[in-house]
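Q: Here is a sequence with its predicted model. Questions after.
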Amino acid sequence: MSDEKASIVSAYRASQQVEGFLSRHEGVLLWHLATSRVGHGLIVEVGSWKGKSTIWLASGSKLAGNEKVAAIDPHTGSQEHKERYGLVFTYDEFISNMKKFGVSDWVVPIRETSRAAAENWAGDIRLVFIDGSHGYEDVREDFQLWFKRLEFGGRLALHDSYLIPGGPSRLVGELLMGKEPIAHVGFVGSITFLEKADRSLFQHARNLLLAFVFRHFGRVAGYGRPPFRFWLGLLLSATDRSVADVFWVNWQAFFRLKRSNGLSYKDLRP
Ligand SMILES: C[S@@+](CC[C@H](N)C(=O)[O-])C[C@H]1O[C@@H](n2cnc3c(N)ncnc32)[C@H](O)[C@@H]1O
């Protein structure tokens with residue numbers, strides 16, 4: 001088995017054992033972005049919970065010999081978790097999962113809120129994954145805090161932000177119409193990923209088209225229908241080189257994981 005394949009398969013098996021909020025397609029996307037050598041600096045994750053997404057990010061970065069993952073989370077849960085579970089404390093389980101699945105050497109746990117961590121931050125960042133509180137004001141603050149610290153040429157991914165109702169989707173709809181240097185936007189599962197880069201006229205027009213889809217299509221098609229999200233995401237990504245990432249992710253998630261784990265096509269649907 002190649003090192004790449006072994007890393008994806010082991011990250012997948014590990015993540016299956018960790019309770020969390022990430023599909024395998026989304027996991028493979030994070031792994032892929034973490035292996036990429038675009039930009040330089042650490043990877044920042046806002047919102048780790050018990051480490052499902054952290055395992056994917058750290059596995060990819062470790063395989064490529066890239067920088068570590070700063071995993072920022074006060075580990076006391078978001079509002080929605082507190083309402084569902086009462087008192088939340090995920091730090092001990094997070095640390096134990098990092099050790100158990102062999103990535104603790106590639107993860108720097110920061111037990112703080114995103115804002116507190118950003119205030120004390122020094123150093124370059126090449127990839128940001130935002131999956132903290134999903135309230136609109138909170139996710140907008142997370143974006144503002146970390147986008148300005150992200151290297152030019154670096155990438156940012158937002159969970160639950162593509163055709164799912166809530167703060168992250170609303171934010172992405174606004175960003176696509178805004179003035180921030182955002183280009184090469186793509187979609188996998190519920191994740192929107194983008195590059196901090198100067199926009200050509202084409203990229204500007206493309207962002208506006210995506211903003212239009214964000215505003216109108218969710219309601220037309222019904223939010224949260226995975227097959228619809230998948231095909232529309234593929235079509236939208238196909239207008240740009242981000243489609244190469246989307247194809248790569250789907251190829252790995254369907255075929256590599258299927259063969260290695262004896263899964264059926266049905267189990268692997270995005
Ligand atoms: C949806 S969960 C993250 C799921 C995780 N990425 C996974 O793959 O399972 C959201 C997490 O964000 C954390 N969180 C809430 N507010 C935060 C803040 N201001 N800064 C950083 N993390 C925050 C919560 O403690 C919670 O663990």
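A: Structure's in. What do you need?
Q: hey, let's count contacts and neighbours off CA atoms from now on
A: Noted.
Q: and the longest strand along the chain, anywhere near the ligand?
A: Longest strand in the chain, counting residues (DSSP state E): strand 150-158. No - using C-alpha under 6 Å from any ligand atom, strand 150-158 never reaches the ligand; the gap is at least 10.1 Å.
Q: again, but for stretch 63-74
A: Yes - counting by C-alpha under 6 Å from any ligand atom, the ligand is contacted by stretch 63-74 at 72, 73, 74.
Q: what mean pLDDT does that stretch have?
A: Stretch 63-74 shows an average pLDDT of 95 in the prediction.
Q: Same question for stretch 255-265.
A: pLDDT averaged over stretch 255-265 gives 67.
Q: How confident was the prediction at residue 5?
A: So, for residue 5, pLDDT stands at 86.
Q: hang on, it packs against residue 253?
A: No - taking contacts as C-alpha atoms under 8 Å, residue 5 lies outside contact range of residue 253: 10.9 Å.
Q: More neighbours: the two, which one.
A: A side-by-side neighbour count of residue 5 and residue 253, using other C-alpha atoms under 10 Å, places residue 253 first with 23 against 14.
Q: Which residue, other than its chain neighbours, is closest to the more buried one?
A: Once flanking residues are discounted, residue 253 sits nearest to residue 25: 5.7 Å by C-alpha to C-alpha, 6 or more residues apart in numbering.
Q: Run through who's touching the lengthiest helix in the chain.
A: In the chain, taking DSSP state H as the definition, the longest helix is helix 201-221. With contacts defined as C-alpha atoms under 8 Å, 6 or more residues apart in numbering, helix 201-221 is touched by 162-164, 169, 172-174, 176-177, 183-185, 228, 236, 239.
Q: Quick check on the residues you listed: which are buried?
A: 162, 163, 164, 169, 172, 173, 176, 177, 183, 184, 185, 236 (16 or more other C-alpha atoms under 10 Å).
Q: In CSV: the residues you listed, plus secondary structure, distance to the ligand and pLDDT.
A: Converted to CSV, the buried ones among the contacts of helix 201-221 look like this (DSSP: H, G, I helix; E, B strand; the rest coil; distance: C-alpha to the nearest ligand atom, whole Å; pLDDT from 0 to 100):
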residue, secondary structure, distance to the ligand, pLDDT
162, coil, 15, 89
163, coil, 17, 83
164, coil, 14, 84
169, helix, 14, 92
172, helix, 17, 96
173, helix, 20, 93
176, helix, 23, 96
177, helix, 25, 95
183, strand, 24, 96
184, strand, 23, 95
185, strand, 20, 95
236, helix, 25, 85
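Q: Can you tell me which of these is nearest residue 133?
A: Lowest distance from residue 133 to the buried ones among the contacts of helix 201-221 (C-alpha to C-alpha) belongs to residue 169, with 12.9 Å.
Q: Next, find the distance separating that closest one from residue 120.
A: In this view, residue 169 and residue 120 are 28 Å apart by C-alpha to C-alpha, to the nearest Å.
Q: With residue 102 instead?
A: Separation of residue 102 from residue 120 (C-alpha to C-alpha) stands at 28 Å.
Q: cool, residue 174 as well?
A: Distance of residue 174 to residue 120, given as C-alpha to C-alpha: 28 Å.
Q: Check residue 206 too.
A: Residue 206 is 36 Å from residue 120, by C-alpha to C-alpha.
Q: who's more crowded, the two?
A: Ranked by neighbour count (other C-alpha under 10 Å), residue 206 and residue 120 place residue 206 first, with 21 against 7.
Q: pLDDT value on that one, please?
A: Looking at residue 206, its pLDDT reads 95.
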